[in-house]
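Chemist: Give the three-dimensional model of this entry:
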Amino acid sequence: MTVLSWNDVLNSAQPLFPQGTALSVGSFDGPHRGHCALFNAVFSAAEKESLVPGIVTFTKALPGIKHPVSYAGDIATLSERLNQYKNKGFDFVVLVDFDDSFSRMAGEVFFTVLMNKLNMRFIAEGQDFRCGYKGSYGMAEITDFILQNGIRAQFLDLVQTDGKRISSSEVRRQIQKGNFSLVTELLERPFLLEIPETSYLIEKKTFVVKRSLLYQVSPETGSYKVLLNGSVPAVLIAASEKLMISLAEENPQSDFATVGHLKYVLF
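Modeler: Residues are numbered from 1 along each chain as shown. Here you go, the predicted model:
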């Protein structure tokens with residue numbers, strides 16, 4: 001999978017994909033089942049029309065940029081998101097740094113770049129999708145643009161489970177509540193929490209992670225059976241300011257030296 005920056009796209013002297021592309025644009029934090037409906041629409045169009053399937057997303061999830069004080073944290077790190085996009089089958093990803101310049105870009109200008117630089121021939125979005133300065137460019141404006149330029153679009157209804165919309169915000173809430181069976185269902189895989197290198201041991205069998213160092217959302221309270229680095233059984237206790245990870249009792253002779261560098265916790 002090719003990873004491009006937004007500057008790579010802007011600075012291209014000619015369309016990067018002469019064959020034409022099928023796209024979806026969004027934060028896609030997770031990603032989760034709701035996103036997969038959009039992804040499948042992209043793959044379907046790409047197969048039928050011999051287009052290159054791609055995704056335009058952001059280096060950081062947009063809610064964390066727009067509402068940093070109340071933001072609970074990302075569901076997945078950028079590296080994990082890229083891994084998931086690759087596993088889904090995308091040929092390329094465009095990563096956008098949502099800086100002041102990009103935030104002020106008009107929606108029509110943004111779509112013109114997608115058309116001219118990425119040779120966009122199809123786009124799939126949710127019906128509530130908006131872009132451009134202050135979110136002024138929505139389904140009506142996009143429809144006008146694509147009709148004028150011979151581009152196909154598909155606007156999908158929101159994906160729901162048990163009558164509730166599947167959204168990144170809902171996945172974050174369920175992670176905070178510790179409802180990991182539901183989280184696994186919504187993500188279609190277990191939740192993976194990557195551990196910052198600045199975390200520390202307090203004894204051979206207990207590892208401490210300060211919440212202030214986490215970029216991802218984590219459970220607010222509770223005790224959870226987890227796997228370290230995907231295979232080592234452990235127990236994670238979530239407290240107000242920290243997460244404490246201890247090796248499971250079925251490993252009485254083990255300490256964290258046997259785990260090696262702790263990279264992630266699988267719930």
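Chemist: Show the contacting residues for Met115.
Modeler: Residues counted as contacts of Met115 (CB atoms under 8 Å, 6 or more residues apart in numbering) are Asn149, Ile151. C-beta here means a position set from N, CA and C on the backbone, and glycine is covered the same way.
Chemist: Tell me which helix or strand comes right after the helix or strand hosting it.
Modeler: Using DSSP states H and E, Met115 maps to helix 107-117. Counting by DSSP H and E, the next helix or strand C-terminal to helix 107-117 is strand 120-126.
Chemist: helices or strands next to that following strand in the packing?
Modeler: strand 21-25, helix 33-49, helix 107-117, helix 139-149, strand 152-156 (3 or more CB pairs under 8 Å, 6 or more residues apart in numbering; DSSP states H and E).
Chemist: any chance of those in TSV, plus mean pLDDT?
Modeler: What follows is the helices and strands packed on strand 120-126, written out as TSV (pLDDT from 0 to 100):
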stretch	mean pLDDT
strand 21-25	98
helix 33-49	96
helix 107-117	98
helix 139-149	96
strand 152-156	95
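Chemist: highest average neighbour count across these?
Modeler: strand 21-25 (a mean of 26; mean count of other CB atoms under 10 Å).
Chemist: surely Glu141 meets Val109?
Modeler: No. Judged on CB atoms under 8 Å, Glu141 makes no contact with Val109 at a distance of 11.9 Å.
Chemist: Pull up the overlap in contacts between the two.
Modeler: Gly132.
Chemist: What count of nearby residues applies to His67?
Modeler: Number of residues near His67 (other CB atoms under 10 Å) recorded here: 9.
Chemist: Thr198 now?
Modeler: 9.
Chemist: can you check Lys86 too?
Modeler: Counted with other CB under 10 Å, the neighbours of Lys86 add up to 13.
Chemist: buried stuff in the strand or helix carrying it?
Modeler: Element membership for Lys86, per DSSP H and E: helix 78-88. The neighbour-count check on helix 78-88 (16 or more other CB atoms under 10 Å) flags Leu78, Glu80, Arg81, Leu82, Gln84, Tyr85, Lys88 as buried.
Chemist: Now tabulate the residues you listed in a markdown table and tack on distance to Ala257.
Modeler: Below are these laid out as a markdown table (distance: CB to CB, whole Å):
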| residue | distance to Ala257 |
| --- | --- |
| Leu78 | 30 |
| Glu80 | 26 |
| Arg81 | 31 |
| Leu82 | 31 |
| Gln84 | 31 |
| Tyr85 | 35 |
| Lys88 | 37 |
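Chemist: Among these, which one lies nearest to Thr221?
Modeler: Glu80 (24.3 Å; CB to CB).
Chemist: Show the pLDDT at the closest one.
Modeler: Note on Glu80: pLDDT of 96.
Chemist: on that earlier part again, if I take the helix holding Met115 and strand 120-126, what angle do their directions form?
Modeler: With axes from the mean of the first three to the mean of the last three CA atoms, to 10 degrees defining the directions, helix 107-117 sits at 140 degrees from strand 120-126.
Chemist: centre of the chain versus helix 107-117, how much separation?
Modeler: Chain-centre distance of helix 107-117: 23 Å, with CA atoms, centre = their mean, to the nearest Å.
Chemist: helices and strands around the helix holding Lys86, which ones?
Modeler: Taking 3+ CB pairs under 8 Å, 6+ apart as the contact cut, helix 78-88 packs with strand 52-58, strand 92-96, strand 192-194.
Chemist: what comes into contact with it?
Modeler: 1, 3, 28-31, 36, 39, 55, 57, 59-60, 76, 93, 95, 192, 194.
Chemist: Can you flag the buried ones in the residues you listed?
Modeler: 28-31, 36, 39, 55, 57, 60, 76, 93, 95, 192, 194.
Chemist: Turn these into CSV, including distance to Glu47.
Modeler: CSV is the format used below for the buried ones among the contacts of helix 78-88 (distance: CB to CB, whole Å):
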residue, distance to Glu47
Phe28, 21
Asp29, 26
Gly30, 24
Pro31, 20
Cys36, 16
Phe39, 13
Ile55, 16
Thr57, 21
Lys60, 31
Ala76, 27
Val93, 19
Leu95, 25
Leu192, 30
Glu194, 33
